[in-house]
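Q: Here's my sequence, what's the structure:
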Amino acid sequence: MSLDPALRQRISEILAAQRVVLFMKGEPAAPQCGFSAQASGTLRDLEVEFAHIDVLADPEIREGIKLYGDWPTIPQLYIDGELVGGSDIITQMAASGELQAALGLPEPDRTPPAITITPAAQAMLKQAIADAGEEMVVEIAIDRQFRTRLHLVQPNPHAIAVTVDGVPLQFPLNDARRADGLKLDFADDARGKGLVIENPNAPKPVRDISVQEAAERIAAGRLTLIDVRPRAERALAAAPVAYLHFDDGQAAIEALDKSTPIAFLCHHGGRSRQAAEHYRRLGFSDVYNIEGGIDAWAGINPEIARY
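A: Predicted coordinates:
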């Protein structure tokens, strides 16, 4: 099957317009397959500017790019108009430093992270390694949302390796800095039975805040309120303080400094909690959900209508 000349020209123009182009399923902030998530996440970890093309939104490009580079799968990464490969190759090149070199970036930092393993966790991990085979190591992977996975794997020469109190550990290159200061413990108590992971780099969980405390902090300039309700619903019962909203999209709010204290408000607290969790995953470190929503606010302020 040959590629239509007009489509070939269109793809060539896309590649000429940007040095680094990733053809993927979905967008970097919302990938629609695990391979696209891995590829875009690797590029984002490198903090490199790249254009992305959502092939799900353009079926012509989705099929055409496979013919253009004679590569059958998505995602596909191009640098300077040349095909690099798919997600596995992108990950491998980043781990070895080849991708950084191709992008003109500095050599990756291979300093092992500082890890603490309690005696109880040491015993558990050493036993797991002994049961699996002495050639195995514990790989700790931490993604951009600080979700952490531990599993036993064969040593990877491109990973960052460190032995802590006799426990061999390795970290994918891009995950190592997110692991600095990590503490591993083993619990068999009210928390359940298993490893307990404490990561000082992870954003704090969403915390509940009362209407009274939120109002005081907003008045003092120490908290930014974001009302997630649509305009028509806010017209029924408006918060009696300054607030941001989503009427014009979320770009301006997402651009706030990640250390900005932010609190989310809705009718009863459900939608606002979902929004708060989303922003916590984006990296905001001081995120609150207003308990009871505007309905709770109406309970202490008769000027606010209930609906």
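Q: Going by C-alpha atoms from here, please, whenever you check contacts or count neighbours.
A: OK.
Q: Report the beta-bridge partners for residue 287.
A: Counting by DSSP bridges, residue 287 forms beta bridges with residue 262.
Q: so it makes contact with residue 263?
A: Yes: the pair residue 287 / residue 263 is scored as a contact, 5.9 Å apart, by Cα atoms under 8 Å.
Q: mind listing what the nearest residue to residue 196 once chain neighbours are set aside touches?
A: Spatial nearest neighbour of residue 196, excluding adjacent residues (Cα to Cα, 6 or more residues apart in numbering): residue 185 at 5.0 Å. Remark: with contacts taken as Cα atoms under 8 Å, 6 or more residues apart in numbering, residue 185 is in contact with 117, 118, 119, 120, 121, 195, 196, 197.
Q: which stretches of the stretch 151-300 of the chain form strands?
A: Listed in chain order, the strands of the stretch 151-300 of the chain (DSSP state E, counting those that start in this stretch) span 160-164, 167-171, 183-189, 192-198, 207-209, 224-227, 244-245, 262-265, 287-290.
Q: The shortest one packs against which elements?
A: Taking 3 or more Cα pairs under 8 Å, 6 or more residues apart in numbering; DSSP states H and E as contact, the helices and strands that strand 244-245 lies on are strand 224-227.
Q: so what strands line up beside the strand it packs on?
A: In the sheet, strand 224-227 lines up with strand 244-245 (parallel), strand 262-265 (parallel) (DSSP bridges).
Q: can you list contacts of that strand?
A: Applying Cα under 8 Å, 6+ apart, the external contacts of strand 224-227 come out as 218, 242-246, 260-266, 272.
Q: how about 10 Å then?
A: Contacts with strand 224-227, where a contact means Cα atoms under 10 Å, 6 or more residues apart in numbering, come from 214-215, 217-218, 234, 238-239, 241-247, 253, 260-267, 271-272, 275-276, 287-290, 293-294.
Q: before we move on, what about stretch 289-305?
A: Outside stretch 289-305, the residues that touch it by Cα under 10 Å, 6+ apart are 206-215, 225-227, 229, 234-240, 262-277, 306-307.
Q: Same question for stretch 210-222.
A: Stretch 210-222 is contacted by residues 208-209, 223-225, 239-243, 260-265, 288-300 when judged by Cα under 10 Å, 6+ apart.
Q: cutoff 8 Å now
A: By Cα under 8 Å, 6+ apart, stretch 210-222 touches 223, 224, 225, 241, 242, 261, 263, 290, 291, 293, 296, 297.
Q: from these, which single one is nearest residue 56?
A: Proximity of these to residue 56 (Cα to Cα) peaks at residue 263, which lies at 34.2 Å.
Q: Not including adjacent chain positions, what is the nearest residue to the closest one?
A: Once flanking residues are discounted, residue 263 sits nearest to residue 288: 4.4 Å by Cα to Cα, 6+ apart.
Q: tally of neighbours for that neighbour?
A: For residue 288, the neighbour count with other Cα atoms under 10 Å is 26.
Q: Check the spacing between it and residue 106 real quick.
A: Taking Cα to Cα, to the nearest Å as the measure, residue 288 falls 38 Å from residue 106.
Q: before we move on, what about residue 186?
A: For residue 186, the distance to residue 106 equals 38 Å [Cα to Cα].
Q: These two: which has the busier surroundings?
A: Shown here are residue 186 and residue 106; by other Cα under 10 Å, residue 186 has more neighbours (20 against 9).
Q: which strand residues sit across from that one in the sheet?
A: Going by DSSP bridges, residue 186 is paired in beta bridges with residue 195.
Q: And for residue 283, the neighbour number?
A: Neighbour number of residue 283 under other Cα under 10 Å is 19.
Q: Now do the helices in the stretch 101-250 of the chain.
A: Secondary structure of the stretch 101-250 of the chain, counting by DSSP state H, counting those that start in this stretch: helices at 119-132, 211-219, 231-236.
Q: Render the CA-only coordinates of the first one in CSV, please.
A: What follows is the C-alpha trace of helix 119-132 in CSV, where atoms were taken according to Å, rounded to 0.1, in the frame of the first residue of the first chain:
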residue,chain,number,x,y,z
PRO,A,119,15.0,-3.8,59.5
ALA,A,120,11.5,-5.2,59.0
ALA,A,121,11.4,-4.2,55.3
GLN,A,122,14.9,-5.5,54.8
ALA,A,123,14.0,-8.9,56.1
MET,A,124,10.9,-9.1,53.9
LEU,A,125,12.7,-7.9,50.7
LYS,A,126,15.7,-10.2,51.3
GLN,A,127,13.4,-13.2,51.7
ALA,A,128,11.5,-12.3,48.5
ILE,A,129,14.8,-12.1,46.6
ALA,A,130,16.0,-15.4,48.0
ASP,A,131,12.7,-17.1,47.0
ALA,A,132,12.9,-15.6,43.5
